[in-house]
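Student: how would this look folded up:
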Amino acid sequence: MDNKQKVMQWIDDHQEEITCFLQELIRTPSVNPYFEDNPGEAREGRVQQVMKAHMEKLGADIDMWEPDTKGLAKYEGYPGYSSDFDETDRPNMVATVKGSGNGKNLVLMGHIDTVAKGTEWTHDPFSGELENGNIYGRGAVDMKGGIAAMTMAVDAIVRSGITLAGDVSVATVVAEETPGIGTLAYVERGYRPDACIMTEATELKVAPLCRGVIWGKLTVEGRSGHIELPRQNWRDGGAVDAIKKARIFLDHFDHLNEEWTITKTHPLLKVPCQIYVGKVVMGEFISTYANKAEIYFDATYLPRERDEFGGGHLVMKEIEDLIHGVCESDPWLKEHPPVLEWQINADCGETDAQHPFIKTMQNSLEELKIPPVLEGCYFHTDMGWVEKAGIPIVNFGPGDPRDAHSSDEKCPVEDLIQATKTIALTILDWCRTTSDASLH
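Tutor: Now for the predicted structure:
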């Protein structure tokens with residue numbers, strides 16, 4: 001039996017253990033403190049201790065540190081950096097299984113934080129319940145499923161008695177959900193492996209691209225007044241309907257989206273970048289003209305649109321220009337321009353789809369008779385800082401990303417096992433075993 005067969009057999013024989021490890025991660029809450037319903041002691045630190053203990057049993061060298069906000073201050077204005085980040089009990093962890101030193105190095109990376117537990121669950125969000133072939137819980141797919149798969153892939157190799165030529169590291173970083181400082185801190189620490197797998201959920205597709213995301217809040221001013229009475233001209237103190245003014249901006253967002261359908265496409269994405277309005281808050285009382293309207297929107301952008309900092313300021317400027325143009329065409333808005341607040345600027349990344357590492361991953365899928373589909377991520381992942389550091393990186397992981405952030409978030413056990421196998425085969429081919437390396 002060759003090394004690959006040994007590892008595949010180990011994974012088949014330890015499916016229950018792989019499943020239980022994901023359940024353990026889910027049962028150790030790690031809600032990003034940004035979210036208001038963060039349960040007590042749920043910061044990333046506790047689950048990082050679970051990861052540390054697991055990797056120590058494999059003989060890994062452990063590097064654990066909390067991102068230093070002051071030390072990273074030179075990145076002010078860059079995606080991921082936040083001067084008010086509270087690093088207390090929020091450590092990054094890099095656990096490295098050393099190879100013989102004559103092979104390529106690989107890091108398996110994932111963010112250990114989750115969004116809030118949310119509401120309307122039919123399963124306890126921190127139970128890791130197994131039902132009908134799915135593991136349920138907050139973080140099951142975003143992204144503790146990927147972390148479990150990458151960790152157990154290393155288990156399979158080490159516990160099969162195989163020595164690699166190159167180093168393989170398991171890196172779990174904090175604060176991806178916001179602001180993204182964990183991956184920035186990883187790169188700043190000086191890590192430069194030869195390749196990286198970011199184990200975000202991709203339905204087992206190989207995703208060498210992710211889009212960037214910016215969030216904005218547009219506050220449109222109106223003037224209240226009784227809605228049933230004749231209105232005076234606004235210059236004479238009459239009411240102004242903020243809802244009607246907001247509708248102008250919503251219409252122009254739709255027109256801009258029609259343009260973006262043509263101009264903001266990518267061959268690895270099925271849909272173009274768009275401005276998505278996710279929340280609208282308008283009005284005070286049913287018979288009063290609204291004196292304020294708030295439009296919250298999400299806009300995506302492509303790596304080719306990155307600014308000098310690697311973020312989305314060029315796209316922000318495009319939206320700002322649109323809003324300014326609308327104001328110039330409306331007398332009220334010209335004198336009472338809305339307030340635009342940028343809330344999130346999450347970066348993006350792209351690795352050449354022809355890179356040898358991408359081909360290595362596709363070959364691993366083919367060995368398992370899984371279609372080696374190339375498709376970009378439609379959402380932000382942490383790949384930006386890694387890619388900008390010159391490290392070829394791909395997103396690949398178990399589960400459907402549409403389940404992320406949802407009630408009854410789940411990861412299929414079958415996906416978990418197949419992802420573990422795919423990552424293990426990729427490790428063996430990329431890092432090579434000591435015996436393989438000696439032949440080259």
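Student: drop to CA atoms for contacts and neighbour counts, all remaining ones
Tutor: Will do.
Student: quick one, what contacts residue 243?
Tutor: 282, 283, 290, 292, 293 (Cα atoms under 8 Å, 6 or more residues apart in numbering).
Student: distance check, it against residue 292.
Tutor: Shown here: residue 243 relative to residue 292, a distance of 8 Å by Cα to Cα, to the nearest Å.
Student: between those two, what contacts are shared?
Tutor: 282, 283.
Student: now residue 284: how far from residue 420?
Tutor: 53 Å.
Student: comparing the two, which shows the higher neighbour count?
Tutor: residue 420 (30 against 13; other Cα atoms under 10 Å).
Student: in a strand, that's where that one is, yeah?
Tutor: No: secondary structure of residue 420 (DSSP: H, G, I helix; E, B strand; the rest coil): helix, not part of a strand.
Student: since we're on the nearest residue to it once chain neighbours are set aside, how many residues are nearby?
Tutor: Of all residues not flanking residue 420 in the chain, residue 149 sits nearest, at 4.4 Å (Cα to Cα, 6 or more residues apart in numbering). If you count neighbours by other Cα under 10 Å, residue 149 ends up with 29.
Student: again, but for the one 4 residues further on
Tutor: Burial measure for residue 153: 28 neighbouring residues, criterion other Cα under 10 Å.
Student: tell me which element it is part of?
Tutor: helix 145-158 (DSSP states H and E).
Student: by contact count, what packs against that helix?
Tutor: Identification of packing neighbours for helix 145-158 by 3 or more Cα pairs under 8 Å, 6 or more residues apart in numbering; DSSP states H and E yields helix 3-13, helix 15-26, strand 106-111, strand 168-173, helix 413-431.
Student: ok, 7 Å please
Tutor: Counting by 3 or more Cα pairs under 7 Å, 6 or more residues apart in numbering; DSSP states H and E, the packing neighbours recorded for helix 145-158 are helix 3-13, helix 15-26, helix 413-431.
Student: off-centre distance for the longest one?
Tutor: Between the mean C-alpha location of helix 413-431 and the chain-wide mean there is a distance of 20 Å, by Cα atoms, centre = their mean, to the nearest Å.
Student: contacts for that helix next, please.
Tutor: For helix 413-431, contacts defined as Cα atoms under 7 Å, 6 or more residues apart in numbering pick out 4, 8, 15, 19, 103-106, 133-135, 145, 149-150, 152-154, 164-167, 204, 360-361, 364-365, 397-399.
Student: circling back: which positions within the helix holding residue 153 qualify as buried?
Tutor: By neighbour count on 16 or more other Cα atoms under 10 Å, the buried set for helix 145-158 is 145-158.
Student: likewise stretch 253-260?
Tutor: 253, 256, 257, 260.
Student: what comes into contact with that stretch?
Tutor: Under the contact criterion Cα under 7 Å, 6+ apart, stretch 253-260 has outside partners 272, 273, 274, 275.
Student: just the ones of the residues you listed in strands?
Tutor: residue 275 (DSSP state E).
Student: now render the contacts of stretch 253-260 as TSV, adding distance to residue 45 and pLDDT.
Tutor: Shown next, in TSV, are these (distance: Cα to Cα, whole Å; pLDDT from 0 to 100):
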residue	distance to residue 45	pLDDT
272	38	98
273	35	98
274	36	98
275	35	98
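Student: and the contacts of stretch 253-260, which are buried?
Tutor: Of the contacts of stretch 253-260, these count as buried by 16+ other Cα under 10 Å: 272, 273, 274, 275.
Student: now do the contacts for the first one.
Tutor: For residue 272, the contact set (Cα under 7 Å, 6+ apart) comprises 260, 261, 264, 265.
Student: nearest to residue 55, of these?
Tutor: residue 265 (41.1 Å; Cα to Cα).
Student: skipping adjacent residues, who's closest to the closest one in space?
Tutor: That would be residue 272: by Cα to Cα, 6+ apart, it lies 4.6 Å from residue 265.
Student: got it, and residue 130?
Tutor: Spatial nearest neighbour of residue 130, excluding adjacent residues (Cα to Cα, 6+ apart): residue 136 at 6.4 Å.
Student: so which strand or helix has residue 86?
Tutor: Counting by DSSP H and E, residue 86 is part of no helix or strand.
Student: residue nearest the centroid of the protein?
Tutor: Central residue of the chain (Cα atoms, centre = their mean): residue 381, 3.2 Å from the mean position.
Student: which ones are touching that residue?
Tutor: Taking Cα under 7 Å, 6+ apart as the test, what residue 381 contacts is residue 210.
Student: quick one: secondary structure of it?
Tutor: Relying on three-state DSSP, one would call residue 381 coil.
Student: what's the distance between it and residue 106?
Tutor: 18 Å.
Student: re the thing from before, possible to save the buried residues of helix 145-158 as CSV with pLDDT and distance to residue 75?
Tutor: Shown next, in CSV, are the buried residues of helix 145-158 (pLDDT from 0 to 100; distance: Cα to Cα, whole Å):
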residue, pLDDT, distance to residue 75
145, 98, 31
146, 98, 28
147, 98, 27
148, 98, 31
149, 98, 32
150, 98, 30
151, 98, 31
152, 98, 34
153, 98, 34
154, 98, 33
155, 98, 36
156, 98, 38
157, 98, 38
158, 98, 38
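Student: quick check: of the residues you listed, which lies closest to residue 302?
Tutor: residue 146 (24.1 Å).
Student: what about the closest residue in space to the closest one that isn't next to it in sequence, how many neighbours?
Tutor: Distances taken as Cα to Cα, 6+ apart place residue 199 nearest to residue 146, at 4.6 Å, with adjacent residues excluded. Residues near residue 199, counting by other Cα under 10 Å, number 29.
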